[in-house]
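>>> need a structure here:
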Amino acid sequence: MNGPDFTIVEGTTFGFGITWEDSGTPREAIDIAGCAAVFRLCPASSSQTLAECTTEDGGIKIGPLKGQLTVNLAPGKTAGTSGALWNGARYELRVMYPSGDVYSLVRGQARLIPAVIE
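Next up is the predicted model:
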């Protein structure tokens, strides 16, 4: 699914929440208990990681409600990294099931703006 464009201020906390639901009527939250997740930012023309957080490093929390993910990119992940590689940067949030199934939940464009306060 295409997501919103994100603007991140260099060296600050950035976060968002999402609930993964099916397309039925009524919409039902997808069970992601026991899954892993990764949020990654990359330059427009490569898969080089500019910044990342995961369930493994504590930057992504699953739950407490069914289908719910909370992404929290710590300030240190973007501090001192503004520059040309961020022009046209893109992001993606993926969920990985223990079975090996991988789902791309949301992706879009991101930009990093230099901080005023250091």
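>>> any idea how far the lengthiest strand in the chain is from the chain center?
Ranked by number of residues, the top strand in the chain under DSSP state E is strand 102-113. Distance of strand 102-113 from its chain centroid, counting by Cα atoms, centre = their mean, to the nearest Å, is 6 Å.
>>> list the contacts of that strand.
1-10, 18, 20, 41, 50, 69, 78, 81-82, 86-97 (Cβ atoms under 8 Å, 6 or more residues apart in numbering). Just so you know, the C-beta spots here come from the backbone N, C-alpha and C atoms, and that holds for glycine as well.
>>> buried stuff in that strand?
By neighbour count on 16 or more other Cβ atoms under 10 Å, the buried set for strand 102-113 is Leu105, Val106, Ala110, Leu112.
>>> okay, which residue is most central for this protein?
Phe39 (3.2 Å; Cα atoms, centre = their mean).
>>> what sits opposite it in the beta ladder?
Judged by DSSP bridges, the bridge partners of Phe39 are Cys53, Leu93.
>>> check contacts around it.
Residues in contact with Phe39 (Cβ under 8 Å, 6+ apart) are Glu52, Cys53, Thr54, Gly59, Ile60, Val71, Leu73, Tyr91, Glu92, Leu93.
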